[in-house]
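Enquirer: coordinates only, sequence not included:
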């Protein structure tokens, strides 16, 4: 680290043994479990490899949304406090996770170890999902839509202060969360940092309807029940560059109830209007969609429990490289057209 030793951050860091992992070849990724598309991630742990806290995490907008030196300073101080609690016997930590190493992902071995290449973080996440897809265990809701965005439920943090709430909106506000609250527990598990929150939020069942959050308000714990909105788990996948995410060369928007009624479409359907068509659609022969087209069905299906747009339906239920049949309304006529998804060329 480049922090001067006599600075507040430097003095905190001086009480840690700082280790930077640059290759994941022999790292126990079962212990250091995380969303592998995070650019920066720190673990504070003791010599017995028991994790006190995580620092890192991001949203779709930026890898730095929740990262700054002030919040890192707060996290480091909390890590030292946790260590003192552990030494005194006050802190009881979760059992160590089962070991899991990159060599246990066969496709990753073929792509990296066999080629004498470096095992990088994003490779672990991508090849793990490719392997899951081949093994029939890929759950896109959980494995593709990682790290749900807390802003979707209305939580906006005062980032330099760690888990202090700057503003509460939507579901969080309705549950009673207020500005100035400090998030203390997430679904019953103590959390100290945004990295902790995002990690625990990612573990919530995607079919869950509610979430328990404990906040500290005037030093008193307040238990809140947050009602999770539909698709609370959804995030923009584009920055992830995932090989199992089917590329569609278009974006759409959900139709309003009034728009569906005027077009004679079912109110619970995922009918959506095309708002952007990639210039690569014609080059790759992906489809013949045009701006303003309304996609009303995919492979004869018009509604779904999770998808609220045709784009999301395709991403959830289509394997990259597969073809589908779209039913499209254009100029008052209903037409059928093929759509050929493609697999993103893997990047090193």
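Expert: The structure has been received and is ready for your questions. All values reported here derive from a predicted model rather than from experimental measurement. Residues are numbered from 1 along each chain as shown.
Enquirer: what sits against the closest residue in space to residue 166 that isn't next to it in sequence?
Expert: Counting by Cβ to Cβ, 6 or more residues apart in numbering, residue 158 is the residue found nearest to residue 166 once chain neighbours are left out, at 3.9 Å. From N, CA and C alone the C-beta is placed, and that goes for glycine too. Contact partners of residue 158, counting by Cβ atoms under 8 Å, 6 or more residues apart in numbering, are 164, 165, 166.
Enquirer: ok, the closest residue to the second one other than its chain neighbours - how many residues close by?
Expert: Using Cβ to Cβ, 6+ apart and skipping residues adjacent in sequence, the residue nearest residue 165 is residue 181, 4.5 Å away. In terms of burial, residue 181 registers 23 neighbours under the definition other Cβ atoms under 10 Å.
Enquirer: Could you report the pLDDT at residue 181?
Expert: At residue 181, the pLDDT value in this model is 98.
Enquirer: just residue 219 next, same as before
Expert: Listed pLDDT for residue 219 reads 89.
Enquirer: Please apply the same query to the one 4 residues further on.
Expert: pLDDT for residue 223: 98.
Enquirer: quick one: whichever strand or helix holds it to chain centroid distance?
Expert: Using DSSP states H and E, residue 223 falls within strand 220-227. Put simply, strand 220-227 sits 23 Å off its chain's centre (Cα atoms, centre = their mean, to the nearest Å).
Enquirer: what's it in contact with?
Expert: 153, 171-172, 174-177, 181, 184-185, 209-216.
Enquirer: how far away is residue 345 from residue 213?
Expert: Using Cβ to Cβ, to the nearest Å, we find residue 345 at a distance of 41 Å from residue 213.
Enquirer: what do you get for residue 231?
Expert: When residue 231 is compared with residue 213 (using Cβ to Cβ), they lie 19 Å apart.
Enquirer: more crowded one of those two?
Expert: Taking neighbours as other Cβ under 10 Å, residue 231 and residue 213 compare with residue 213 leading, 26 against 17.
Enquirer: quick one on the thing from earlier: neighbour-wise, give me the winner out of the contacts of residue 158.
Expert: Busiest of those [other Cβ under 10 Å] is residue 165, holding 22 neighbours.
Enquirer: residue contacts, that one?
Expert: 155-158, 172, 177-183, 215.
Enquirer: That one: what secondary structure?
Expert: Put simply, residue 165 is strand when judged by DSSP: H, G, I helix; E, B strand; the rest coil.
Enquirer: next structured bit after whichever strand or helix holds residue 84?
Expert: Secondary structure from DSSP H and E places residue 84 in helix 69-87. Per DSSP H and E, helix 69-87 leads on to helix 106-111 as the next helix or strand towards the C-terminus.
Enquirer: For that next one, buried residues please.
Expert: By 16 or more other Cβ atoms under 10 Å, the buried positions in helix 106-111 come out as 108, 111.
Enquirer: do the same with stretch 194-213
Expert: 194-202, 204, 206, 211, 213.
Enquirer: Also stretch 26-41?
Expert: Quick answer for stretch 26-41 (16+ other Cβ under 10 Å): 27, 28, 29, 31, 32, 33, 34, 35, 36, 37, 38, 41.
Enquirer: any idea how far the fifth one is from residue 103?
Expert: When you say that, I think you mean residue 32. Distance from residue 32 to residue 103, by Cβ to Cβ: 15 Å.
Enquirer: same deal with the third one?
Expert: When distances are taken as Cβ to Cβ, residue 29 and residue 103 turn out to be 10 Å apart.
Enquirer: Drop anything exposed from the contacts of residue 165.
Expert: Here, 16+ other Cβ under 10 Å leaves 155, 157, 158, 172, 177, 181, 182, 183, 215 buried among the contacts of residue 165.
Enquirer: which one of the residues you listed sits closest to residue 135?
Expert: residue 155 (35.2 Å; Cβ to Cβ).
Enquirer: Would you mind listing the residues in contact with that closest one?
Expert: 165, 168, 172, 177, 183.
Enquirer: Swap in 6 Å and give it another go.
Expert: residue 172 (Cβ atoms under 6 Å, 6 or more residues apart in numbering).
Enquirer: In helices only, show me the buried ones among the contacts of residue 165.
Expert: For the buried ones among the contacts of residue 165, the ones inside helices are residue 172, with DSSP state H as the criterion.
Enquirer: got CSV for the buried ones among the contacts of residue 165, with distance to residue 7 too?
Expert: Output for the buried ones among the contacts of residue 165, formatted as CSV (distance: Cβ to Cβ, whole Å):
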residue, distance to residue 7
155, 30
157, 24
158, 22
172, 35
177, 34
181, 30
182, 25
183, 27
215, 31
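Enquirer: Of the buried ones among the contacts of residue 165, which is the nearest to residue 122?
Expert: Nearest to residue 122 among these, with distances taken as Cβ to Cβ, is residue 157, at 25.4 Å.
Enquirer: which non-adjacent residue is nearest the closest one?
Expert: residue 166 (5.9 Å).
Enquirer: For residue 16, see how far away residue 275 is.
Expert: Taking Cβ to Cβ, one finds residue 275 at 48 Å from residue 16.
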